[in-house]
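Q: How does the following fold in three dimensions:
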Amino acid sequence: MTARHIPLQDIPIEVCGQLGVHDRDEATFECPMDEILESVHNGIVISDAAGLMIYANDAARRMLVLPLTGAFTLTLPTQAIDWHSEDGAALQPEDLPTMRVIATGSAHTDSVLRCVSLSQDSRWFKISAQPLILRKTNALIGVVTAYSDVTNLKAQQAVIEQVAHFDPLTNLPNRRVFLDRIEVSLARISRRTSMVAVCFLDLDGFKAVNDTFGHEGGDKLLVEVAQRIKAALRGGDSVGRIGGDEFALLLTEIGDIAECEQVLSRILQSIAQEVRLSDS
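A: The predicted structure is shown next:
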């Protein structure tokens, strides 16, 4: 389907406070609607009842990688960008808020989706879509979709999430996350015959390392030990830093004690290898 661009003043409808539609001769608005929509920071797209975009303000054109002037040739902003949900799942056109409103006739608000353009620029948008209802017939004649760029907010949330759940030095799960993983593992084994092992490991003589090489050397040692432990673990196992030079290991799907000892032996052998803390 070929898209078309219609200047807003040529659309024989007006969007009212509740997104109902009046005939133009009933309108009391003196300010042209397109001037209002061009003045807002959010991207505003008006689509017809088939999902064909018939208007996009400048903000929407920039956000959705549409041509900044003239007509655009997209039925929905999906050909120039890939859309993903917050859990990373790729979305089809029918999954997007605009098309869901067309399918259901009901508003679809506050969706947070990530889009990736052809240039691989990734942005997050909060999207709300409202049906355009012709009040005289109660018929759905289109959708108004608002896009708000929340990329910076998502980045800030990711930093907060990282600080709250992971050790900033080693990037390992902290005590809180590690305990949560233990609870999940215990709940799983209640329905199975395998075992879970929780093991604690600390570094003998770590104080001497700090005294000799300073805290920078001690931090370097902790990071190296964390990386070696992670590399020695199996796929479903976890390691967390619970404080100082103390690490906790969660070994899942353990068949017997011998298997647990085998994993621990591999970890200890890896840690025992020389660590160079300075070039001298």
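Q: Show me the shaky parts of the stretch 151-280 of the chain.
A: Counting by pLDDT under 70, the stretch 151-280 of the chain contains low-confidence residues at 190-192, 278-280.
Q: which residues of it fall in helices?
A: Remark: helices assigned in the stretch 151-280 of the chain by DSSP state H, counting those that start in this stretch are 151-165, 175-189, 206-232, 257-272.
Q: So residue 274 versus residue 238, what's the distance?
A: 26 Å (CB to CB, to the nearest Å). The way it works is simple: take the backbone N, C-alpha and C, and place the C-beta from them, glycine included.
Q: When the two are compared, which one has more neighbours?
A: Neighbour count, other CB atoms under 10 Å: between residue 274 and residue 238, residue 238 has more, with 20 against 5.
Q: and the longest strand for this structure?
A: In the chain, with assignment by DSSP state E, the single longest strand is strand 122-134.
Q: residues in contact with stretch 161-178?
A: Under the criterion CB atoms under 8 Å, 6 or more residues apart in numbering, residues 181, 219, 222-223, 226, 230, 238-243, 247-248, 250 lie in contact with stretch 161-178.
Q: Put the buried members of the residues you listed into a ChimeraX selection.
A: Filtering those down to the buried ones (16 or more other CB atoms under 10 Å) takes a single ChimeraX command:
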select :181,219,222,226,230,238,239,240,241,242,247,248,250
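Q: mind checking pLDDT for residue 6?
A: On the pLDDT scale, residue 6 is placed at 42.
Q: just to revisit the earlier point, and the helices of the stretch 151-280 of the chain as JSON lines, adding distance to residue 122?
A: Output for the helices of the stretch 151-280 of the chain, formatted as JSON lines (distance: least, CB to CB, whole Å):
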{"stretch": "helix 151-165", "distance to residue 122": "8"}
{"stretch": "helix 175-189", "distance to residue 122": "26"}
{"stretch": "helix 206-232", "distance to residue 122": "27"}
{"stretch": "helix 257-272", "distance to residue 122": "36"}
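Q: now for those helices, which one comes closest to residue 199?
A: Proximity to residue 199 (CB to CB) singles out helix 257-272 among the helices of the stretch 151-280 of the chain, at 6.4 Å.
Q: by contact count, what packs against the closest one?
A: Counting contacts by 3 or more CB pairs under 8 Å, 6 or more residues apart in numbering; DSSP states H and E, helix 257-272 packs against strand 195-202, helix 206-232, strand 246-254.
Q: Show me what counts as buried in it.
A: Buried, per 16+ other CB under 10 Å, within helix 257-272: 259-260, 263-264, 267, 271.
Q: For the residue nearest to the spatial centre of the chain, which residues are in contact?
A: Using CA atoms, centre = their mean, the residue of the chain that lies closest to the mean C-alpha position is residue 86, 4.2 Å off. Going by CB under 8 Å, 6+ apart, residue 86 touches 112-114.
Q: of these, buried ones?
A: Buried among the contacts of residue 86 by 16+ other CB under 10 Å: 113-114.
Q: number of nearby residues for the nearest residue to residue 256 once chain neighbours are set aside?
A: In space, residue 256 comes closest to residue 195 once its chain neighbours are excluded; the distance is 7.6 Å by CB to CB, 6 or more residues apart in numbering. Residues lying near residue 195 (other CB under 10 Å) number 16.
Q: hang on, residue 195 packs against residue 188?
A: No: look at residue 195 against residue 188 with CB atoms under 8 Å: they stay out of range, at 11.3 Å.
Q: can you pull out the strands in the stretch 1-150 of the chain?
A: 14-15, 20-22, 43-48, 53-56, 81-84, 108-117, 122-134, 139-149 (DSSP state E, counting those that start in this stretch).
Q: TSV for these, including mean pLDDT?
A: Output for the strands of the stretch 1-150 of the chain, formatted as TSV (pLDDT from 0 to 100):
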stretch	mean pLDDT
strand 14-15	39
strand 20-22	42
strand 43-48	91
strand 53-56	87
strand 81-84	84
strand 108-117	90
strand 122-134	92
strand 139-149	93
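Q: Ok, which of those strands comes nearest residue 209?
A: Nearest of the strands of the stretch 1-150 of the chain (CB to CB): strand 122-134, 40.9 Å.
Q: Walk me through which strands the closest one pairs with, and which way each runs.
A: Using DSSP bridges, the strands paired with strand 122-134 are strand 20-22 (parallel), strand 108-117 (antiparallel), strand 139-149 (antiparallel).
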